[in-house]
Structure formats: C-alpha cells, structure tokens
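*Asks:* attaching a predicted model along with its sequence, questions to come.
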Amino acid sequence: MVDIVIENVTKRFGTFTAIDGMNAVFEDGAVTCLLGPSGCGKTTLMRMIVGLETQTSGRILFGNRDMSGLPPRKRNAGMVFQYPVMYQTLSVEENIALPLNQDKSLSAAERQRRIDEVLDVLDMRDRRKLFIGDLDAGSRQKVAVGRAVARRSDIVLFDEPTTNVEVQAKLLLIRAFKLVTQRLKQTIIYVTHDQTEAMTLADKVALMRNGRIEQYDKPANLYNRPASDFAGWFLGNPGMNFVPARAVAGGAETLLTAGPLALEGALEGGKDFRAGIRPEHIGLSDEARPGSVPGTLKDINVSIAGRFIARVTVDGQDIKVKTDRVPAARRGGQVHLFADPAEMSFYADGRRIAAVPAGGQHNR
Ligand SMILES: Nc1ncnc2c1ncn2[C@@H]1O[C@H](COP(=O)(O)OP(=O)(O)OP(=O)(O)O)[C@@H](O)[C@H]1O
C-alpha cells in the first residue's frame, strides 16, 4: 500500500491551466473520491496519476517513488473506465483472470484463489461461467472492478464507473464496490461528479474546483463544516443558503436572525461576510416564535424521502428550507423561519472563518 503524493502539480493545455499548482496526499489503503463540477480537472488529475497524461510541472509520487516519466504499465496502478474494454466471448471468470495470467510469478493455485476471492466479494460466484455479453451493464462493471482489483496493484483508479448503469444496479454496484475496497485495502482514487456516490464510498473526498482542491476532508466534515462557500453550495440537495452578514459589537446580524447573534471569535470589519446555513437547519412554521423572521412562501416541492423543499423570500432573497411539514400558508402567504444559530457558519471572501455562534455546537 502506498500514499499518492501530488507535489505542486500543474497541467496546462496550451494556455489553459487544467490543474493549478496542486498539493495533496491521498492516503494509502483509503478510498479518495475526486468530486467536483464538470471541467474542474478530475479526469486530468487521474490520468496524470496513472501515467496517461504528463504534468507540465511538479511531481507525482507513489510512496517515495517519483512516477514522473514512467509509462502507465510501470506504475502498478489498475484502472476502471466508464466504458471498460471487456472480452464478450470470454466468461466472467476468464475476464477477471486476464491480468493474472500475465503475472508469471503467480502459481495456478494462487491465481485461482484470487479469482475466487474477487468473485465472492462481488457475489458473482454463481455467474462465473456466464459470458460478458449475457450480463447487464451493472454486472459488467462489477467484472471490470473485479479485474482491476484482482491484480492486487497498490493503486486502483476508477473513472466514473457507474455512469452507464441504471439506478438500481448502481446502488448494488456501489455496495459491492465498498465491500471490495474494505476487504482488499488498496489505495483507491474514484472520480465522480455524483455527490451521493462520493459521500457513500469515500473515506475522504477531495472537492475540486478550477484545477484546485477546495477541501480535502471526511465526507461528514465536508458536509457539516464546509471550508468555503463553494463547498457549502456544491454539497447538499439543495445546497447551503448564504445570506449577507453584518458585523456588530460581539456578533453579527443577518436577515435570518431576529436580532444580533452573539459570536465567539471576531468578524473583522470591511470584508464580504456571509452566513451559511443548510436548508434542513431552518424551521418553517405558520406562527412566529422567539428568534424567527417572517418571509413569503414562494413555492414548495416534494423532495427525496418524502420531505419538502420550500422557497421562502426574506428581504428579497430566496431561502431554501427542507421540512417535514407543509405549512398551512398558500403561495404568497406569510410564514416564519427559524434558523438554528448553532448550525450557522460564517464566511469572509468565500472562506469559512473561525467565528462561531456563542454556546453553539459548531466546534463539535
Ligand atoms: N487534451 C486536452 N486538451 C485541451 N483541453 C483539455 C484536454 N483535456 C482536458 N481539457 C480541459 O481541461 C479541463 C478539465 O478537464 P477534465 O476532463 O479533467 O475535467 P473533469 O473534472 O474530469 O470534467 P468531467 O466531469 O466533465 O469529466 C476542461 O476545461 C477540459 O476542457
């Protein structure tokens, strides 16, 4: 097992900078998801790690071995693509065996043991003799995963492997994938733009934007303590609300708080302050309550898992609220919002700052 060390790596295509002076260590034996919007550089970073692309400057190391200049086959890294090349006329077992057959140091017994192990973890033992052409897309990807991990390379990279798999099969594939990675403990890099997938699979997520890593953290931290307003906005469905905040003595005022909110830690004056709060941390009611602010119900929609997403206009700004109860008010009617101060974070110039609500839970 090895760490993947990204050392001051830049990648330019002509004058365009796809990866911009990146530094990161992707830890050994862990699953790191590269997550981010289209075009942020995920695939480029992955292709450089595996050796399909060369960085313009900087170094990529596996452990303490500098990979610069080494072709893919010398890097001991497996890869699963969106559209893996599968041999239709070979069986599941034969496909998984292919890379093992090339390794002459393996005995026939060891080869068979590895194949059986992978088939077990993927729950495909009873389908070992089926031809690839007889499988659905999800099962084919399972075989591709099996083939990549059976080699026991130090590192395995996955490039959006569930893209072409329908939803139900996708969930099964992700579950199988998680079992494989837990069992085999290889260093895994998994590229996705699907946040649910990243949050489910990853030990750590590298959230990328414009060729940089915005935040590299455990999924729960990324969600609960986004380091930037971009991270707060990108994660969550819908993402975090942001409202302007104004520094006052001992705290801040926002349009989601009825009066000044006492803060521990200073908001320095003169910067672009904003408060962030997730839609599920705002209560919605027909009646005012201590600390609530009035707003106008704009619309309400059913979200996943039977919850509702309401949009409420407060002082001209739309606030998203996730709620279990539909208010009695109709569209255009008055409702009241209660933003839990303990769940508010503060940002200056896009970055989270240390100021937290006094007595809040935020440093947990
Ligand atoms: N060979 C290339 N030549 C020129 N520009 C490129 C090349 N490869 C990638 N790019 C550009 O680099 C940027 C990053 O691309 P990349 O494919 O790494 O993004 P991504 O985050 O993987 O996006 P997606 O989720 O859409 O696959 C994009 O703007 C892309 O157009």
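*Replies:* Sure thing, it's come through.

*Asks:* and the closest residue to Glu264 other than its chain neighbours, how far from Ala252?
*Replies:* When the adjacent residues along the chain are set aside, Glu264 lies closest to Ala358, with 5.1 Å between them (C-beta to C-beta, 6 or more residues apart in numbering). Bear in mind the C-beta positions are built from the backbone N, C-alpha and C, glycine included. Using C-beta to C-beta, to the nearest Å, Ala358 is found at 11 Å from Ala252.

*Asks:* the helices in the protein, which residues?
*Replies:* With helices called from DSSP state H, the chain shows them at 42-50, 92-101, 108-121, 137-150, 167-184, 195-201, 219-224, 229-234.

*Asks:* isn't Arg22 up against Val9?
*Replies:* Actually, residue 22 is Met. It isn't Arg. Yes - the criterion here is C-beta atoms under 8 Å, and Met22 meets it with Val9 at 4.8 Å.

*Asks:* switch the helices of the chain over to a markdown table; also include distance to Pro341 and mean neighbour count.
*Replies:* Shown next, in a markdown table, are the helices of the chain (distance: least, C-beta to C-beta, whole Å; neighbours: other C-beta atoms under 10 Å):
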| stretch | distance to Pro341 | mean neighbour count |
| --- | --- | --- |
| helix 42-50 | 36 | 22 |
| helix 92-101 | 54 | 19 |
| helix 108-121 | 46 | 16 |
| helix 137-150 | 45 | 24 |
| helix 167-184 | 36 | 17 |
| helix 195-201 | 26 | 19 |
| helix 219-224 | 15 | 17 |
| helix 229-234 | 16 | 22 |
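
*Asks:* who wins for proximity to the ligand among these?
*Replies:* helix 42-50 (3.2 Å; C-beta to the nearest ligand atom).

*Asks:* related to what we said a few turns ago, hmm, the residue nearest to Glu264 is touching Ala262, no?
*Replies:* Yes - using C-beta under 8 Å, Ala358 is in contact with Ala262, at 4.0 Å.

*Asks:* low-confidence ranges in this structure?
*Replies:* 1, 266-271, 304, 357, 359-364 (pLDDT under 70).

*Asks:* which residue packs closest to Ala24, ignoring adjacent ones?
*Replies:* Nearest one to Ala24, counting by C-beta to C-beta, 6+ apart, is Ile6 at 4.4 Å.

*Asks:* before we move on, what about Ile19?
*Replies:* Nearest residue to Ile19 in three dimensions, chain neighbours excluded: Lys11, at 4.0 Å (C-beta to C-beta, 6+ apart).

*Asks:* got a list of what that neighbour touches?
*Replies:* Each residue near Lys11 by C-beta atoms under 8 Å, 6 or more residues apart in numbering is listed here: 17-19, 41, 44-45, 48, 53, 55-56, 211.

*Asks:* count of neighbours near the nearest residue to Ala77 once chain neighbours are set aside?
*Replies:* Residue nearest to Ala77 in three dimensions, not counting chain neighbours: Ile155, with 4.1 Å by C-beta to C-beta, 6+ apart. The tally of other residues near Ile155 (other C-beta atoms under 10 Å) stands at 22.

*Asks:* isn't Ile155 up against Val2?
*Replies:* Yes - Ile155 lies in contact with Val2 (C-beta under 8 Å); the separation is 6.9 Å.

*Asks:* common neighbours of the two, please.
*Replies:* Common neighbours of Ile155 and Val2 (C-beta under 8 Å, 6+ apart) are 62, 187.

*Asks:* and this structure, what are its domains?
*Replies:* Per automatic domain parsing, the domain ranges recorded for the chain read 4-224, 231-357.

*Asks:* for the ones you listed, which one sits closest to the ligand?
*Replies:* Among the domains of the chain, if distance is taken as C-beta to the nearest ligand atom, the winner is domain 4-224, at 3.2 Å.

*Asks:* let me know how buried Phe26 is, in neighbour terms.
*Replies:* Counted with other C-beta under 10 Å, Phe26 comes out at 23.

*Asks:* bridged to it, which residues?
*Replies:* Phe26 forms beta bridges with Ile4, as assigned by DSSP bridges.

*Asks:* same check on Tyr190?
*Replies:* For Tyr190, the beta-bridge partners are Cys33, Phe158 (DSSP bridges).

*Asks:* so what sits against both of Ala358 and Ala262?
*Replies:* Gly251.

*Asks:* who's in contact with Pro294?
*Replies:* 288, 314, 334-337.

*Asks:* what subset of the residues you listed is also close to the ligand?
*Replies:* Among the contacts of Pro294, no residue is within reach of the ligand (C-beta under 6 Å from any ligand atom).

*Asks:* just send the residues you listed back as CSV, with neighbour count too.
*Replies:* Shown next, in CSV, are the contacts of Pro294 (neighbours: other C-beta atoms under 10 Å):
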residue, neighbour count
Ala288, 14
Val314, 19
Gln334, 13
Val335, 25
His336, 20
Leu337, 23
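
*Asks:* report the two of those residues separated the most.
*Replies:* Ala288 and Val314 (13.2 Å; C-beta to C-beta).

*Asks:* closest one to Ala328 out of the contacts of Pro294, please.
*Replies:* Minimum distance to Ala328 across these is 9.0 Å, recorded for Val335 (C-beta to C-beta).
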